[in-house]
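Engineer: Need the 3D shape of this:
(2 chains)
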Amino acid sequence: MAFVAAVSKRSSVVRGIKRPSTPYLLLIPGLAWLAMFFIFPLINLASTSTQTPGDSGEVGVYVQTFRFANYFDAFSGARDQFLRSFLFAFIATVLALAISYPLAYAIAFKSGKWKNLLLVLVVAPFFTSFLLRTVAWKQILGNEGPVVAVLKFLHILGPQSGLTASAFAVVTGMTYNFLPFMTLPLYASLERIDPRTLEASSDLYANGITTFRKVTFPLSLPGVVAGTLLTFIPAAGDYINATLLGNPRTKMIGNVIESRFFDIVDYPTAAALSFMLMAAILIMVMVYVRRAGTEELV
Amino acid sequence: MKRWLSKNLIKVYAFFAFVYLFIPIAYTMAFSFNNAGKSNLTWRGFTFANWQNPCGAPQVCNALGNSLKIGGIATLIATILGTMIAFALGRHRFRGRSAVNLLIFLPMATPEIVLGASLLAMFLNLGINPGFWPTVIAHVMFCISFVVVTVKARIASLDPKLEEAAMDLYATEAETFRRVTLPLVMPGIFGAALLAFSLSFDDFIITNFNSGTLTTFPKFVYISSARGIPPQANVIGSTMFILALVIVLTSQFVSNRKNRV
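Structural biologist: Numbers count the residues shown, from 1 in each chain, chains lettered A, B, ... in the order given. The predicted model follows:
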């Protein structure tokens, strides 16, 4: 699927045939769509982010005054939610990696003829609605659910306490909901490893752990990079888990942007926050990709 | 026992990972049989009533219909536009390739909330009210990139010898494309369309920004989550799950069959 394709290493077969105008004719409709409904809205959003309320005082009417201090105001008003978004997304990404890596490894190397079926089963849970899955977690972690019952039986959880409406529940939901974005790229990169390289390693007297550390893991690094990015980016911008599984103190930057837009009709602040989120993610992605030493993402 | 465990540790781990993956699905399906009154959060007894009357809850089938319509139209447009771009990138050498690649990659690396908020801000500035068509436009926009990468991967995996053979047998460029290339790329296009539809059908954040008062299925679940989601939503979710599973398994079976011949 796309995630596999997104990290597919094969370079496209480029053959210089046909008329030189053909590629442009093929590109124009799709790229025009992206220009009109992706690039132009971003430029428009940039312009909105430095606007201030108009003189009429009418709600939702703003004029361009190039007030860059909007960014400062927006950030200082939502600093906690910003930091929380990145913290939650980071924890969810690490957990997803811990869950997915052995799973992808088992499917790639230990599943034999069941490989394709298991791969379908990894994606299958995500055929139901994202929202319904999140609500299911609310039930699983709820006061009448199995997790609370077990924890209370073991006296880990006091009789009055619960698990829902907490940071724990939000991170649990995020980890689960973005899991295939982690598992599929990991699988794609593990599956490409030539088994002979692993045999060579053991022929050279490396034990299982050394082989993993020195051969398997480095070779799977493109998958780790792609998987962590594909998990972290949507997780940082998500606000569904925070809304359905959290409490007012677990609000994320997505919640703030949404309420600025709809409840307060404060477009400039919402725009400034959106831009800061995007910029922060892009910077992190670039630093991370450079440090991990791989630039092949598409 | 200990030796068996250390030898099969990774398989045991994978087994538990699968259990973890399917627990929420089991919950969703089980609660579609819940004899729930208004709130479907706790178990109140078994019933088939929800399955017999999936449209029983107000608005739920209206929302489902909207999601299917939006998904269908957006998938059609995104698949056509994305496949064209994939052919341009996979089969042609032209100036500005890396810029095009970047433009395809960026929407996938942008948080949904930014995509949704920026589009809505533009629609409002242009005086366009959010609703059905703005939502379709938004869905096409975020599906195109996924179609491009999926179809491009399929094109890249083709053996160029097959097309060369067609040309050697005096097929024209157009005939080669129609009778060799396109059928070979078709599974990729089909997979891309399936992916685009599921992305569109499941999308909440971008839809929430651009749909105005129109209710889609995810939006219905979100809105009703405050007062309790009717079990009919679980019936629809379970049906989608089974349907998608059947489609994917069947297409895998068919392609396995074809590969064997």
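Engineer: Check the spacing between the residue of chain B found nearest chain A and residue A:239 real quick.
Structural biologist: Closest residue of chain B to chain A, Cβ to the nearest Cβ: residue B:111 (2.7 Å). To be clear about C-beta, it is placed using only N, CA and C from the backbone, and glycine gets the same treatment. Per Cβ to Cβ, to the nearest Å, residue B:111 is found 10 Å from residue A:239.
Engineer: between the two, what contacts are shared?
Structural biologist: residue A:254 (Cβ atoms under 8 Å, 6 or more residues apart in numbering or on different chains).
Engineer: Figure out how far stretch A:42-53 is from the centre of its chain.
Structural biologist: 26 Å (Cα atoms, centre = their mean, to the nearest Å).
Engineer: Need the contact partners of that stretch.
Structural biologist: Contacts for stretch A:42-53 (Cβ under 8 Å, 6+ apart): A:61-68, A:70-71, A:267-268, A:271-272, A:274-275, B:114, B:117-118, B:121-122, B:125.
Engineer: can you do 7 Å?
Structural biologist: With contact meaning Cβ atoms under 7 Å, 6 or more residues apart in numbering or on different chains, stretch A:42-53 is reached by A:62-68, A:70, A:267-268, A:271-272, A:274-275, B:117-118, B:121-122, B:125.
Engineer: and what of stretch A:30-41?
Structural biologist: Against stretch A:30-41 from outside (Cβ under 7 Å, 6+ apart): B:81-82, B:84-85, B:100, B:103, B:107, B:118-119, B:121-122, B:137-138, B:140-141, B:144.
Engineer: how long is it from one end to the other?
Structural biologist: 16 Å (Cα to Cα, to the nearest Å).
Engineer: ok so, going back, verify the contact between the residue of chain B closest to chain A and residue A:232 for me.
Structural biologist: No - the pair residue B:111 and residue A:232 does not pass the contact test of Cβ atoms under 7 Å, sitting 10.2 Å apart.
Engineer: In space, what's closest to the closest residue to chain B within chain A - neighbours in sequence excluded?
Structural biologist: Residue nearest to chain B within chain A: residue A:237 (2.7 Å; Cβ to the nearest Cβ). Leaving out its chain neighbours, the residue that sits closest to residue A:237 by Cβ to Cβ, 6 or more residues apart in numbering or on different chains is residue B:111, at 2.7 Å.
Engineer: Burial check on that neighbour, number of neighbours?
Structural biologist: For residue B:111, the neighbour count with other Cβ atoms under 10 Å in any protein chain shown is 24.
Engineer: Pull the distance from the helix or strand hosting residue A:190 to the chain's centre.
Structural biologist: Element membership of residue A:190 [criterion: DSSP states H and E] is helix A:179-191. Here the centre of helix A:179-191 is set off from its chain's centre by 14 Å, with Cα atoms, centre = their mean.
Engineer: Could you list the low-confidence segments of the stretch 1-150 of chain A?
Structural biologist: The model of the stretch 1-150 of chain A has pLDDT under 70 over residues A:1-19.
Engineer: just to revisit the earlier point, residues contacting the residue of chain A closest to chain B?
Structural biologist: Listed by Cβ under 7 Å, 6+ apart, the contact set of residue A:237 reads A:254, A:277, B:111, B:112, B:113, B:114.
Engineer: most centrally placed residue in chain B?
Structural biologist: By Cα atoms, centre = their mean, chain B has its centre lying nearest to residue B:198, at 2.0 Å.
Engineer: could you give me the average pLDDT of the helix or strand harbouring it?
Structural biologist: Counting by DSSP H and E, the element that carries residue B:198 is helix B:182-202. Summarised as a single mean, pLDDT over helix B:182-202 is 92.
Engineer: what does that helix contact?
Structural biologist: A:1-2, A:127, A:129-130, B:67, B:70-71, B:74-75, B:78-79, B:82-83, B:139, B:143, B:146-147, B:150-151, B:153-155, B:158, B:162, B:218, B:244, B:247, B:255.
Engineer: In chain A, which residue sits furthest out from the middle?
Structural biologist: Outermost residue of chain A (Cα atoms, centre = their mean): residue A:56, 41.2 Å.
Engineer: Surely that one forms part of a strand?
Structural biologist: No - Residue A:56 sits outside any strand when classified using DSSP: H, G, I helix; E, B strand; the rest coil, being coil.
Engineer: Name all residues that make contact with it.
Structural biologist: By Cβ under 7 Å, 6+ apart, the contact set of residue A:56 is empty.
Engineer: Please enumerate the strands of the chain.
Structural biologist: Picked chain A for this. Per DSSP state E, chain A carries strands over the ranges A:51-53, A:62-64.
Engineer: how long is stretch A:44-53 end to end?
Structural biologist: End-to-end span of stretch A:44-53 (Cα to Cα): 17 Å.
Engineer: Please work out how many residues are found near residue B:133.
Structural biologist: By the measure other Cβ under 10 Å, the count of residues near residue B:133 is 15.
Engineer: so what secondary structure elements neighbour the top helix by length along chain A?
Structural biologist: In chain A, ranked by residue count with DSSP state H as the criterion, the top helix is helix A:79-110. On a contact count with 3 or more Cβ pairs under 7 Å, 6 or more residues apart in numbering or on different chains; DSSP states H and E, helix A:79-110 meets helix A:115-123, helix A:167-177, helix A:179-191, helix A:217-237, helix A:253-262, helix B:2-30.
Engineer: in the longest one, what's buried?
Structural biologist: By neighbour count with 16 or more other Cβ atoms under 10 Å in any protein chain shown, helix B:2-30 contains the buried residues B:13, B:14, B:17, B:18, B:21, B:23, B:24, B:25, B:27, B:28, B:29.
Engineer: which residues of chain B score low on pLDDT?
Structural biologist: B:1, B:38, B:259-261.
Engineer: Skipping adjacent residues, who's closest to residue 152 in space?
Structural biologist: Here I'm looking at chain A. Using Cβ to Cβ, 6+ apart and skipping the chain neighbours, the partner closest in space to residue A:152 is residue A:159 (6.6 Å).
Engineer: Chain B, not that one
Structural biologist: Excluding the flanking residues, the one nearest residue B:152 by Cβ to Cβ, 6+ apart is residue B:86, at 4.3 Å.
Engineer: from memory that neighbour sits against residue B:155, does it?
Structural biologist: Yes - using Cβ under 7 Å, residue B:86 is in contact with residue B:155, at 6.1 Å.
Engineer: Look at those two and report which has more neighbours.
Structural biologist: More crowded of residue B:86 and residue B:155, by other Cβ under 10 Å: residue B:86, with 30 against 21.
Engineer: The more buried one is in what secondary structure piece?
Structural biologist: Counting by DSSP H and E, residue B:86 is found in helix B:60-91.
Engineer: Could you do residue B:237 as well?
Structural biologist: Taking DSSP H and E as the definition, one finds residue B:237 inside helix B:231-260.
Engineer: Perfect, I'm done here.
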